[in-house]
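Engineer: show me the folded form of this:
(4 chains)
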2 protein chains.
Amino acid sequence: MSRTTPNRNTSKPDAPAQPPRAAERIRASARELFYREGIRAVGVDEIVNRAGVTKPSLYRAFPSKDDLAAAYLFDYDREFWPRFEKPGGKSPPDARTHVLAYIRELANRAVKDGYRGCGLSNAAVEYPGHTHPARLVAETHKKALRQRLRELATEMGARDPRMLGDGLMLLIEGVYVTGQQSASGPAQSALAAATALIDACVAKPTRKR
Amino acid sequence: MSRTTPNRNTSKPDAPAQPPRAAERIRASARELFYREGIRAVGVDEIVNRAGVTKPSLYRAFPSKDDLAAAYLFDYDREFWPRFEKPGGKSPPDARTHVLAYIRELANRAVKDGYRGCGLSNAAVEYPGHTHPARLVAETHKKALRQRLRELATEMGARDPRMLGDGLMLLIEGVYVTGQQSASGPAQSALAAATALIDACVAKPTRKR
DNA sequence: TGACAATGTTACCGATCGGTACGTATGGTC
DNA sequence: GACCATACGTACCGATCGGTAACATTGTCA
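Structural biologist: Numbering: from 1, shown residues only, chains lettered A, B, ... in the order given. Take a look at the predicted model:
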């Protein structure tokens, strides 16, 4: 064998389908359970049972449950950005289309049964203390999202980009939280509201209508 | 001593036996702890310790911690409506002023340090299962708030009252949740965004400008 | 084959969880 | 003073929590 990395190589065909590493299985299991039930509601036993591994494996890969929660949110953040930057898998042609396409997709998900909102926002609700490792990930993410929305508002030509960016963020977070309160909630109006807000905030002469 | 009721009676000396004082102390203690730390994060021991009572007193007044949580949210709902209907203690002259006054007050609270959002929304995040007694209170409340906002949107003369009501609800919930993520967050733009949204959604001829 | 790293197995820890059996103090009534 | 209901406390329960120690097993590579 010429390869230097001894294991978990997915490209080499001669490997007999290396079973997923315990750490990855735990990450996936935690991801699903934490998101669906909430972090505090899920015990480490449930996580390892679902993952088909044992508790020592968890604590060999993660120093504590809190750190596992932080890793879960780190993964969540990583998976979020493609959803946001390429809603529907396509790169939107302009900022306005971009934001509205994301909100359209988001609203569609949010009105379905069993929707559980944003894992990062939910974690911030579960852990009010500003020192918890999971919360730190959430706060960093939200700061980045806010910044990105302000950028997009600037691209749209908003008179007050900060105001429009923040307004869109409020709407989006509103969808996250109301979507999990009840199906067919206010989220169904998110697209229309965002459209109205944007059109009210960008200089009129440049906008059609 | 001539007084017949020896304790906890401030006004009438011989009034019919006041309800147990322990239950009220527990309600107040739970109210504060549940709101600040979250429901799952607070144990019953902490509640009774803070209340200066003992655990059996809690379970004599409430069947379970879940029911105490529901009672907490019931109180929260009761305290909410005056804040909403009379923002700043005044009855607003019209629907537009009404909603904007509430959002102004809300946003002021939300940008301060230690803000913890809406106890009812937070509870819905903590308890995803639609059977938990606390969640039922939260869902009922949110349904009522949505209905009320739609009424106000109708009063404003919105072209699509459901859309405007929902849009305002999304903004408000957005303030709740982002306010507890970080101070000086998007909540500071809530009033401007709500104003823009309203003015974009009501028939132009009737609105000043 | 032998070394090594990763994982599984089993059993356990102290702390805390929500919840309860049971005794005690107090005050009003006759 | 006998009696009773109300209100509260002491002490405890079994279950579960997050986390760990010690050792066996496996698969991979040199």
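Engineer: what helix or strand is the residue nearest to residue A:31 when sequence neighbours are not counted on?
Structural biologist: Nearest residue to residue A:31, sequence neighbours excluded (C-beta to C-beta, 6 or more residues apart in numbering or on different chains): residue A:72, at 5.5 Å. For the C-beta atoms, the positions are set from N, CA and C on the backbone; glycine is no exception. Here residue A:72 sits within helix A:65-85, counting by DSSP states H and E.
Engineer: does any part of the helix ranked longest in chain A sit near chain B?
Structural biologist: In chain A, taking DSSP state H as the definition, the longest helix is helix A:133-156. Yes. Helix A:133-156 is in contact with chain B by C-beta under 8 Å from any C-beta of the partner chain, via A:138-139, A:142-143, A:146.
Engineer: surely residue A:118 touches residue A:176?
Structural biologist: Yes. In this structure, residue A:118 is within contact of residue A:176 by C-beta atoms under 8 Å, at 4.2 Å.
Engineer: ok, the residue nearest the centre of chain A to residue A:106 distance?
Structural biologist: Residue closest to the mean C-alpha point of chain A, counted by C-alpha atoms, centre = their mean, is residue A:80 at 3.9 Å. For residue A:80, the distance to residue A:106 equals 11 Å [C-beta to C-beta, to the nearest Å].
Engineer: where do the strands sit along chain A?
Structural biologist: Taking DSSP state E to define them, one finds no strands in chain A.
Engineer: shaky segments in it?
Structural biologist: Residue ranges of chain A with pLDDT under 70: A:1-20, A:204-209.
Engineer: pop the domain breakdown of it in here.
Structural biologist: A:20-62, A:70-204 (automatic domain parsing).
Engineer: just name the most buried of those domains.
Structural biologist: domain A:70-204 (a mean of 20; mean count of other C-beta atoms under 10 Å in any protein chain shown).
Engineer: quick check: residues of chain A near DNA strand C?
Structural biologist: A:21-23, A:52-57, A:60-61 (C-beta under 7 Å from any atom of the strand).
Engineer: hang on, residue A:139 packs against residue B:178?
Structural biologist: No. In this structure residue A:139 lies outside contact range of residue B:178 using C-beta under 8 Å: 10.8 Å.
Engineer: thinking again about what came up before, what sits up against the helix holding residue A:72?
Structural biologist: Applying C-beta atoms under 8 Å, 6 or more residues apart in numbering or on different chains, the external contacts of helix A:65-85 come out as A:26-27, A:30-31, A:34-35, A:39, A:44, A:47, A:58, A:62, A:91, A:102, A:105, A:119-120, A:123, A:132-134, A:136-138, A:140-141, A:145, A:148.
Engineer: got it, and stretch A:102-114?
Structural biologist: Taking C-beta under 8 Å, 6+ apart as the rule, stretch A:102-114 contacts A:83-84, A:87-88, A:115, A:117, A:168, A:171-172, A:175-176, A:178-180, A:183-185, A:187-188, A:190-191, A:194.
Engineer: chain center to it: distance?
Structural biologist: Relative to its parent chain, stretch A:102-114 has a centroid offset of 13 Å by C-alpha atoms, centre = their mean, to the nearest Å.
Engineer: same question for stretch A:114-133.
Structural biologist: The answer for stretch A:114-133 is 11 Å, by C-alpha atoms, centre = their mean.
Engineer: sorry, back to before: could you check the angle helix A:133-156 makes with the helix holding residue A:72?
Structural biologist: 10 degrees (axes from the mean of the first three to the mean of the last three C-alpha atoms, to 10 degrees).
Engineer: near DNA strand D at all, helix A:65-85?
Structural biologist: Yes. Using C-beta under 7 Å from any atom of the strand, we find that helix A:65-85 touches DNA strand D at A:65-66.
Engineer: okay, that helix in CSV with CA atoms only?
Structural biologist: Output of helix A:65-85 as CSV, limited to C-alpha atoms (Å, rounded to 0.1, in the frame of the first residue of the first chain):
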residue,chain,number,x,y,z
LYS,A,65,-21.7,16.7,26.7
ASP,A,66,-21.3,20.5,26.5
ASP,A,67,-18.5,20.2,24.0
LEU,A,68,-20.6,17.7,22.0
ALA,A,69,-23.4,20.2,21.9
ALA,A,70,-20.9,22.8,20.6
ALA,A,71,-19.7,20.4,17.9
TYR,A,72,-23.3,19.8,16.9
LEU,A,73,-23.9,23.5,16.5
PHE,A,74,-20.6,23.8,14.6
ASP,A,75,-21.9,21.2,12.2
TYR,A,76,-25.2,23.0,12.0
ASP,A,77,-23.5,26.3,11.1
ARG,A,78,-21.5,24.6,8.4
GLU,A,79,-24.6,23.0,6.9
PHE,A,80,-26.5,26.3,7.2
TRP,A,81,-24.5,28.4,4.9
PRO,A,82,-25.0,26.5,1.7
ARG,A,83,-28.8,26.5,2.4
PHE,A,84,-28.5,30.3,2.7
GLU,A,85,-26.1,31.1,0.0
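Engineer: is chain B within reach of stretch A:91-98?
Structural biologist: No. Using C-beta under 8 Å from any C-beta, stretch A:91-98 stays clear of chain B, with a minimum separation of 14.7 Å.
Engineer: helices along chain A, start to end?
Structural biologist: According to DSSP H, the helices that chain A contains are A:22-37, A:44-51, A:55-61, A:65-85, A:95-110, A:119-126, A:133-156, A:161-179, A:190-201.
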